[in-house]
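Asks: Mind looking at a prediction? Sequence and model below.
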Amino acid sequence: MSTTPLPPPGCPAHGLGPDGLQRLYGVEAERDPMHLYEKLRAEHGAVAPVLVHGDLPAWLVLGHNENLEVARNSSRFARDPRVWRAVQEGEVVPEEHALGPLVTWWPVINFNDGPVFERLRSAVLESLQRFDRRGIRRYVMRFAHQLIDEFVATGRADLVAEFSTQLPMLVMTQLIGAPDEHGPKLVRAVPDMLEGSDTALASDEYVTTMLYQLVENKKAARGHDLTSWLLDHPAELTDVEVLAHVRVVLVAAYATTANLIANTLRMVLTDPRFRANLSGGRMTLPDALEQVLWDQPPINTVLGRWATADTVLGGQEIKRGDMLLLSLAAGNVDPEIRPDLSQSVHGNRSHLAFSAGAHECPGQDIGRAIADTGIEVLLARLPDIELTVDDSELSRRGTLMSQQLVELPVAFTPKRAGAAPAAPPAPGPMPFPTPATAVHVAPPPRTRQLWPWLGRLFRRR
């Protein structure tokens, strides 16, 4: 973790707000969120009153059972931000505000409940379920070998920059039906968009325009891909809804799967339990992935549930319109269900890494397949791979929502690129329309305003 010292009490960046409530932003929260969760648990129990960006009041749900209670009961805890009391009282959070993406309603599955949500989720979930796991594995093998070939002859690599951040996007490009040439461009554009860099606006514009063109071309020539299946789904999504949900899946899958791959590789390379067990054959890689999903889930906190009526949760009196944040990472280490964190959790998938209830992540099996297969290929190609720095020297950056490894430097015996057997061709999308048959249209007007919230949802501030 970063070794940046904490500012003294009273400094605006310190953890406590003017009314004494704990801030969930700033140096303390970003440096060591797990320590902060445990401090709050010790003081308040399973549900803690906190302040989020701008010192806005909210409740942080820390208990495992309490997380499940909120996630599984949309009648008491809505996903629609219009329920928030601040909104009903006329307060407007600016789009530029850190909470803007989380409290601004849009007609996508993230911000709906009831019939609208059911219609949209059925289209997304049923379309994602049409992918064959073996077909996904072939895509992952193909791109994992390509990425490894780029650095295998050097004997050194940064597995964050050169592997974990690239592999998910290359695979997802194929799954949404985009042509191959967009893969490397999306590998650069999506992370840039999420980082909020000086070129983030241009990257966001590129992603939206590319997806707009993709939808238009798929209307002319369907393929074996997510975009085509959403267009054809009986839920009859509009073109804008198709574009929005392809974008949701693309960006969310990238952000979470890249984090999952990096965290799993780190544990495989540094934790004696995994290193010994994997080499000895007593623990499978899927078992290791599940352990990581318990101990270091890709998403720490899901921001945005709102109480639909006065209620009691974890001994706290929650008022109608109050905002709640689901701390998945804290729930996973709740002493009520895991009194001994040193114990492995083989075969236990009751973690909260993908949330729960109706809004549980619909693409979790695809994320697992990408991470599992990609790491499997890497370890097979580079069996003597070793971390070149001590685990304590690895740093992370992020926000309340997630923490990401900055780098994962490794060394191994150099090998000849392309020495591994070529991956079998991946059955998948039909060829993208050729220039002669493609439908060429102008980019949508004001693309920046179409779905700006999603990029900022993961943005590190």
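Replies: Now that the structure is in, tell me what you want to look at.
Asks: hey, let's count contacts and neighbours off CA atoms from now on
Replies: Will do.
Asks: Let's see the distance spanning stretch 49-63 from one end to the other.
Replies: Terminal residues of stretch 49-63 lie 13 Å apart, using CA to CA, to the nearest Å.
Asks: now swap in stretch 109-116 and tell me
Replies: One end of stretch 109-116 to the other measures 8 Å (CA to CA).
Asks: Run through the helices of the stretch 1-150 of the chain in chain order.
Replies: Under the criterion DSSP state H, counting those that start in this stretch, the stretch 1-150 of the chain contains helices at 27-31, 33-44, 64-71, 85-88, 100-103, 114-128, 133-151.
Asks: what about those helices, which gets the closest to Gly321?
Replies: Judged by CA to CA, the one of these that comes nearest to Gly321 is helix 85-88, at 4.2 Å.
Asks: Okay, buried residues for that closest one please.
Replies: For helix 85-88, burial by neighbour count (16 or more other CA atoms under 10 Å) applies to 85-86.
Asks: That one: how far from the chain's middle?
Replies: Remark: helix 85-88 is offset 28 Å from the chain centroid, using CA atoms, centre = their mean, to the nearest Å.
Asks: hey, where'd the strands end up in the protein?
Replies: 22-23, 47-52, 56-61, 77-78, 156-158, 301-307, 311-313, 316-318, 323-327, 386-387, 396-398, 403-405, 409-411 (DSSP state E).
Asks: which residues touch the second one?
Replies: Outside strand 47-52, the residues within contact range by CA atoms under 8 Å, 6 or more residues apart in numbering are 17, 21-25, 40-41, 57-63, 66, 313-316.
Asks: try 7 Å
Replies: Strand 47-52 is contacted from outside by 21-25, 40, 57-63, 314, 316, using CA atoms under 7 Å, 6 or more residues apart in numbering.
Asks: picking up where we left off before, reformat the strands of the chain into TSV and put mean neighbour count, mean pLDDT and distance to Leu175 next to each item.
Replies: TSV is the format used below for the strands of the chain (neighbours: other CA atoms under 10 Å; pLDDT from 0 to 100; distance: least, CA to CA, whole Å):
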stretch	mean neighbour count	mean pLDDT	distance to Leu175
strand 22-23	24	84	39
strand 47-52	22	93	36
strand 56-61	22	93	34
strand 77-78	25	95	31
strand 156-158	19	98	26
strand 301-307	23	90	25
strand 311-313	13	97	40
strand 316-318	16	97	42
strand 323-327	26	95	29
strand 386-387	18	96	32
strand 396-398	17	82	28
strand 403-405	21	89	24
strand 409-411	17	97	29
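Asks: To Glu30, which of those lies closest?
Replies: For these, proximity to Glu30 was assessed by CA to CA; strand 396-398 is nearest, at 6.3 Å.
Asks: Report all helices and strands that that closest one contacts.
Replies: In terms of contacts (3 or more CA pairs under 7 Å, 6 or more residues apart in numbering; DSSP states H and E), strand 396-398 is packed against strand 403-405.
Asks: Strand partners (parallel or antiparallel) of the strand it packs on?
Replies: Here strand 403-405 is paired, per DSSP bridges, with strand 396-398 (antiparallel).
Asks: Identify the farthest-apart pair in the contacts of strand 47-52.
Replies: Tyr25 and Gly314 (23.1 Å).
Asks: Redo the strands of the chain as a markdown table? Include distance to Leu147.
Replies: Shown next, in a markdown table, are the strands of the chain (distance: least, CA to CA, whole Å):
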| stretch | distance to Leu147 |
| --- | --- |
| strand 22-23 | 41 |
| strand 47-52 | 39 |
| strand 56-61 | 39 |
| strand 77-78 | 42 |
| strand 156-158 | 11 |
| strand 301-307 | 31 |
| strand 311-313 | 47 |
| strand 316-318 | 49 |
| strand 323-327 | 34 |
| strand 386-387 | 18 |
| strand 396-398 | 23 |
| strand 403-405 | 19 |
| strand 409-411 | 15 |
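Asks: so which of these comes closest to Gln343?
Replies: strand 323-327 (21.4 Å).
Asks: Low-confidence stretches in the stretch 251-400 of the chain?
Replies: Residues of the stretch 251-400 of the chain meeting the criterion pLDDT under 70: 273-283.
Asks: swap the cut-off to 90 and go again
Replies: For the stretch 251-400 of the chain, the stretches with pLDDT under 90 are 251-255, 267-268, 270-288, 299, 302-304, 340-350, 357-363, 396-400.
Asks: re earlier: look at Tyr25 and Gly314 and report which has more neighbours.
Replies: Legend: neighbour count by other CA atoms under 10 Å for Tyr25 and Gly314, higher for Tyr25 (22 against 18).
Asks: got the phi/psi numbers for that one?
Replies: When read as degrees, to the nearest 10, the backbone of Tyr25 gives phi -150, psi 170.
Asks: and the direction of the longest helix seen in the chain versus that of helix 114-128, what angle?
Replies: Determined from DSSP state H, the single longest helix within the chain is helix 239-270. Put simply, helix 239-270 runs at 60 degrees to helix 114-128, going by axes from the mean of the first three to the mean of the last three CA atoms, to 10 degrees.
Asks: Thanks again, I'm all set now.
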